[in-house]
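Undergrad: got a predicted structure plus its sequence, pasted below:
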Amino acid sequence: MAAAPWVIVIDDEAGSRQSMAIALERAGLRVRVFDDAEPALAFVEREPKVRLAVCDLRMPGMDGLAFLNRVRAQELDLAVILVTGFGTIESAVEAMRVGADDYLTKPVDLYELRSRVLKLIENWQLRDEVTNLREMLDERFGFDAIVGQSAAMEQLFQQMRQVAPSRASVLILGESGTGKELVAKALHQASDRQQERFLALNCGAIPNEILESELFGHEKGSFTGAVGRKIGKFELAAHGTLFLDEISELIPELQVKLLRVLEERQIMRVGGSRMLDVDFRLLAATNRNLEEAVQQGAFREDLYYRLKVVTLRIPPLRDRLDDLPLLADHFLREFAAREGKPEMQLSGRALSCLAQNRWQGNVRELRNVLETVAVFHGGGRIEVGDLPEEIRQAAEAPAEAAVQTVFGEPRTMAEIERHAILQTLDRTGGKRAEAARLLGIGVRTLQRKLKDYREQGLVEG
């Protein structure tokens with residue numbers, strides 16, 4: 001159970017100070033009292049767990065308004081309730097104007113005090129939960145969730161950063177398993193629509209007779225089985241993002257209707273009688289060559305150009321083998337944590353064996369292979385013999401060949417990791433936070449590894 005937050009009470013009158021402290025302690029809060037605002041401010045500055053201050057407005061030395069001004073000027077994360085025996089409208093207005101969260105008059109009603117303090121604490125906790133959730137979403141679906149530092153991926157990241165704030169439609173191209181939906185989620189998280197819904201729909205996984213209803217919704221009785229009104233994805237994605245995967249699978253009739261929606265920003269439910277305004281950002285993806293589909297008459301040319309306002313191409317894994325060690329390390333850490341096992345690392349030979357595979361299923365296939373390994377492995381070093389048989393059979397050339405192709409010479413996993421870390425630091429000009437983001441590891445992990453390298457004499461200072 002988390003410890004109760006700190007609350008401080010600042011009042012030069014001992015009786016008032018103590019009665020407020022006792023009332024708040026009985027409410028389950030940790031309370032610290034001060035008769036002077038200067039030491040109270042110093043306590044807040046060094047104790048980040050202080051969440052709220054109850055401060056007398058009129059005191060010798062630093063008064064309540066001065067204390068509040070200092071708190072706001074230093075951008076301290078602290079709610080402040082001002083208390084005064086001079087309950088005039090003017091003082092209340094002034095207190096709220098300079099940023100007080102609430103205002104009480106003396107003699108203080110202790111029940112009212114507890115109620116208002118607990119309300120502010122609850123608001124702070126809710127805000128903190130939202131912040132933590134946002135950080136979790138950014139970690140899981142933001143740019144940092146996409147692992148890669150190859151030139152091809154750096155180019156993709158740069159394009160994504162430029163495109164994300166835009167409201168333009170984006171067409172995401174890439175083979176199956178390259179992470180098209182992950183890119184779409186990252187674009188949504190980095191946009192001004194991140195507080196709203198991200199809805200995904202695979203156009204190739206839903207029968208055509210149902211897909212129109214999924215997109216547009218329908219009215220009760222509009223067809224057999226329509227026992228009630230259904231709200232479609234276009235409406236549900238209001239002010240948010242709609243991701244249509246395998247857009248190439250849309251039948252011609254729905255292609256026409258989608259084009260009309262994108263141009264007019266209005267829809268009509270199946271069986272409906274009035275147009276409804278819709279506001280969503282469309283992200284679409286496919287693993288097919290849409291230009292060829294247009295030439296063959298399988299996809300409308302006007303819809304194609306309406307979708308590809310911006311086009312992002314995700315490189316297949318075989319074209320970015322430089323990222324293989326990072327991806328493998330990322331997945332193995334994830335699986336070790338999930339399975340409650342010691343950390344696992346690939347040996348140089350195991351890594352080179354993986355590098356020789358064609359990876360037709362791309363990153364998804366790599367993830368599945370390493371998940372299989374992680375389930376059966378007890379932790380520690382992973383050798384070639386620990387890899388699935390089909391991966392070993394695909395490695396017809398000597399195990400060292402692939403590593404030599406990718407890294408110039410055979411290396412152990414530790415050497416490959418050190419090479420990647422130092423190369424990334426060099427590319428970022430020594431900026432550790434940026435390097436850690438590109439490597440897909442935490443800053444503290446990066447600092448620990450650099451310290452180890454220095455102690456081993458592998459890097460200078």
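TA: On my side now, so go ahead. Numbering: from 1, shown residues only.
Undergrad: beyond the worst-scoring helix or strand of the chain on mean pLDDT, next helix or strand please.
TA: When the helices and strands of the chain are compared on mean pLDDT, DSSP states H and E, helix 399-407 comes out lowest with a mean of 44. Of the helices and strands lying after helix 399-407 in sequence (DSSP states H and E), the nearest is helix 413-427.
Undergrad: burial count for the closest residue to residue 76 other than its chain neighbours?
TA: Once flanking residues are discounted, residue 76 sits nearest to residue 44: 5.9 Å by Cβ to Cβ, 6 or more residues apart in numbering. To be clear about C-beta, it is placed using only N, CA and C from the backbone, and glycine gets the same treatment. When neighbours are counted by other Cβ atoms under 10 Å, residue 44 registers 23.
Undergrad: any idea how far the helix or strand containing residue 44 is from the chain center?
TA: Secondary structure assignment for residue 44, by DSSP H and E: helix 37-46. Its chain's C-alpha centre and that of helix 37-46 lie 35 Å apart, by Cα atoms, centre = their mean, to the nearest Å.
Undergrad: mind listing what's buried in it?
TA: By 16 or more other Cβ atoms under 10 Å, the buried positions in helix 37-46 come out as 37, 40-41, 43-44.
Undergrad: what do you get for stretch 60-69?
TA: 62-68.
Undergrad: narrow these to those in helices?
TA: Of the positions in these, 64-68 sit in helices, assigned by DSSP state H.
Undergrad: which one of those residues is nearest to residue 319?
TA: Among those, residue 68 lies closest to residue 319 (Cβ to Cβ), at 58.0 Å.
Undergrad: state the distance from the closest one to residue 53.
TA: Computed with Cβ to Cβ, to the nearest Å, the distance linking residue 68 and residue 53 is 9 Å.
Undergrad: hey, what's in contact with both of these two?
TA: Counting by Cβ atoms under 8 Å, 6 or more residues apart in numbering, the shared contacts of residue 68 and residue 53 are residue 80.
Undergrad: count of residues packed around residue 109?
TA: Neighbour count for residue 109, taken as other Cβ under 10 Å: 13.
Undergrad: which stretches of the stretch 251-400 of the chain form strands?
TA: For the stretch 251-400 of the chain, applying DSSP state E, counting those that start in this stretch gives strands covering 266-267, 276-277, 281-286, 310-313, 344-346, 380-382.
Undergrad: need the winner for burial among those strands.
TA: The highest mean neighbour count among the strands of the stretch 251-400 of the chain, using mean count of other Cβ atoms under 10 Å, belongs to strand 281-286: a mean of 25.
Undergrad: partners of it in the sheet?
TA: strand 170-173 (parallel), strand 241-245 (parallel) (DSSP bridges).
Undergrad: report the rounded mean pLDDT for the last one.
TA: Translated: strand 241-245. Per-residue pLDDT over strand 241-245 has a mean of 95.
Undergrad: so what's the gap between it and the chain middle?
TA: Worked out by Cα atoms, centre = their mean, strand 241-245 lies 18 Å from the chain centre.
Undergrad: just stretch 66-73 next, same as before
TA: Worked out by Cα atoms, centre = their mean, stretch 66-73 lies 33 Å from the chain centre.
Undergrad: what of stretch 29-38?
TA: With Cα atoms, centre = their mean as the basis, stretch 29-38 stands 38 Å off its chain's centre.
Undergrad: how about that stretch, which residues are buried there?
TA: Here stretch 29-38 shows 29, 31-35, 37 as buried, counting by 16+ other Cβ under 10 Å.
Undergrad: export that stretch to PDB, keeping only CA atoms.
TA: Extracted as PDB, the C-alpha positions of stretch 29-38 are listed here (Å, rounded to 0.1, in the frame of the first residue of the first chain):
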ATOM      1  CA  LEU A  29      -2.600  12.000   6.300                       C
ATOM      2  CA  ARG A  30       1.000  12.600   7.400                       C
ATOM      3  CA  VAL A  31       1.200  16.200   8.700                       C
ATOM      4  CA  ARG A  32       4.200  18.500   9.400                       C
ATOM      5  CA  VAL A  33       3.600  21.800  11.100                       C
ATOM      6  CA  PHE A  34       5.500  25.100  10.800                       C
ATOM      7  CA  ASP A  35       5.100  28.500  12.500                       C
ATOM      8  CA  ASP A  36       7.100  30.200   9.800                       C
ATOM      9  CA  ALA A  37       6.700  30.000   6.000                       C
ATOM     10  CA  GLU A  38      10.500  30.100   5.200                       C
END
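Undergrad: just give me the neighbour total for residue 449.
TA: Using other Cβ under 10 Å, residue 449 has 17 neighbouring residues.
Undergrad: not counting its neighbours along the chain, what's nearest it?
TA: Nearest-residue entry for residue 449: residue 421, 6.1 Å, with adjacent residues in sequence omitted and distances by Cβ to Cβ, 6+ apart.
Undergrad: distance of that neighbour relative to residue 46?
TA: As judged by Cβ to Cβ, residue 421 and residue 46 stand 35 Å apart.
Undergrad: what sits against residue 28?
TA: For residue 28, the contacting residues are residue 4, by Cβ under 8 Å, 6+ apart.
Undergrad: surely it forms part of a strand?
TA: No: counting by DSSP: H, G, I helix; E, B strand; the rest coil, residue 28 is not part of a strand but coil.
Undergrad: and the pLDDT at it?
TA: Confidence score, pLDDT, at residue 28: 87.
Undergrad: residue 119 versus that one, what's the distance?
TA: From residue 28 to residue 119 the distance is 14 Å (Cβ to Cβ).
Undergrad: same check, this time on residue 38
TA: Residue 38 sits 28 Å away from residue 119, going by Cβ to Cβ.
Undergrad: ok, residue 215 - contacts?
TA: Listed by Cβ under 8 Å, 6+ apart, the contact set of residue 215 reads 201, 232-234, 254, 257-258.
Undergrad: list the buried residues for the helix or strand containing it?
TA: For residue 215, the host element (DSSP H and E) is helix 208-216. Within helix 208-216, the residues that qualify as buried by neighbour count (16+ other Cβ under 10 Å) are 211-216.
Undergrad: make JSON lines out of those residues and add distance to residue 431.
TA: Listed next are these as JSON lines, based on distance: Cβ to Cβ, whole Å:
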{"residue": "211", "distance to residue 431": "47"}
{"residue": "212", "distance to residue 431": "50"}
{"residue": "213", "distance to residue 431": "50"}
{"residue": "214", "distance to residue 431": "45"}
{"residue": "215", "distance to residue 431": "44"}
{"residue": "216", "distance to residue 431": "48"}
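Undergrad: hmm, residue 177 is touching residue 361, no?
TA: Yes: look at residue 177 against residue 361 with Cβ atoms under 8 Å: they come within range, at 4.4 Å.
Undergrad: now the common contact residues for these two.
TA: Counting by Cβ under 8 Å, 6+ apart, nothing touches both residue 177 and residue 361.
Undergrad: quick one: the spatially closest residue to residue 221 that is not a sequence neighbour from residue 253, how far?
TA: Distance criterion Cβ to Cβ, 6+ apart; nearest residue to residue 221, sequence neighbours excluded, is residue 271 at 6.8 Å. For residue 271, the distance to residue 253 equals 16 Å [Cβ to Cβ].
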